[in-house]
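Student: the following block contains a protein sequence and its predicted model.
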Amino acid sequence: MATKPTNVKVTLKTIISDPEEREQIDVVANGKFYSNEDTYVLLFNETVEDGNSVRNMVTIGSEKVAIKRSGHVKMNQIFKKDQITESTYYHPFGTMRMETNTQEIAFEEVEGKTKGKLTITYMLRLNEQDPTKHDLVLTYERKGNS
């Protein structure tokens, strides 16, 4: 049975690196957290660089993590440890094929389940470009008495 939604503060940090450069993307947002026996779901909205909104749904299961984005950009990226998954990234400037090679996934709830941390290390290839390394760290903290 799913829990009622809990208000959370979400922090998402992604570091993208290749031999020539390193880029860090930070997102901080208010969101909702749901859980049942072995699945956790985080919902939050993000405002992208051009001011448009993107809705994010992160589903954390025992065997995989899925990040679904909708709105100004669209994608459904699947992470399975030691596996390559394919998806499509839809952007106003075009569509790109994404190939995700997941190296590590770790998730833990801490401090009496009031906080959680998801880390994913993966290589991402867009279209036929050289892959870049991504280190994603998503944390959430329950707000107030919710």
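Tutor: The structure has been received and is ready for your questions.

Student: using CSV, write down the CA coordinates of stretch 34-54.
Tutor: Coordinates of each C-alpha in stretch 34-54 appear next as CSV, following Å, rounded to 0.1, in the frame of the first residue of the first chain:
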residue,chain,number,x,y,z
TYR,A,34,5.7,8.5,-2.1
SER,A,35,6.7,5.0,-1.1
ASN,A,36,5.4,1.5,-0.8
GLU,A,37,7.1,-1.7,0.1
ASP,A,38,10.0,-1.6,-2.4
THR,A,39,9.4,1.4,-4.6
TYR,A,40,10.0,5.1,-4.0
VAL,A,41,8.8,7.9,-6.2
LEU,A,42,9.9,11.6,-6.1
LEU,A,43,7.9,14.2,-8.1
PHE,A,44,9.3,17.8,-8.6
ASN,A,45,9.3,20.6,-11.1
GLU,A,46,12.4,22.2,-12.4
THR,A,47,12.8,25.5,-14.2
VAL,A,48,15.3,25.2,-17.0
GLU,A,49,17.7,27.8,-18.3
ASP,A,50,15.2,29.4,-20.7
GLY,A,51,12.6,29.8,-17.9
ASN,A,52,10.4,26.9,-19.0
SER,A,53,9.2,24.2,-16.6
VAL,A,54,10.0,20.5,-16.7
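
Student: buried ones in it?
Tutor: 35, 40-44, 46, 54 (16 or more other CB atoms under 10 Å). All C-beta spots, glycine's among them, are computed from the backbone N, C-alpha and C.

Student: flag the shaky bits of this protein, pLDDT-wise.
Tutor: 1-3, 145-146 (pLDDT under 70).

Student: which single strand of it contains the most residues?
Tutor: strand 94-110 (DSSP state E).

Student: what packs against that strand?
Tutor: Strand 94-110 is packed against strand 75-79, strand 84-91, strand 115-126, with contacts defined by 3 or more CB pairs under 8 Å, 6 or more residues apart in numbering; DSSP states H and E.

Student: which residues touch the second one?
Tutor: In other words, strand 84-91. With CB atoms under 8 Å, 6 or more residues apart in numbering as the contact definition, strand 84-91 has outside contacts at 73-79, 95-102, 126.
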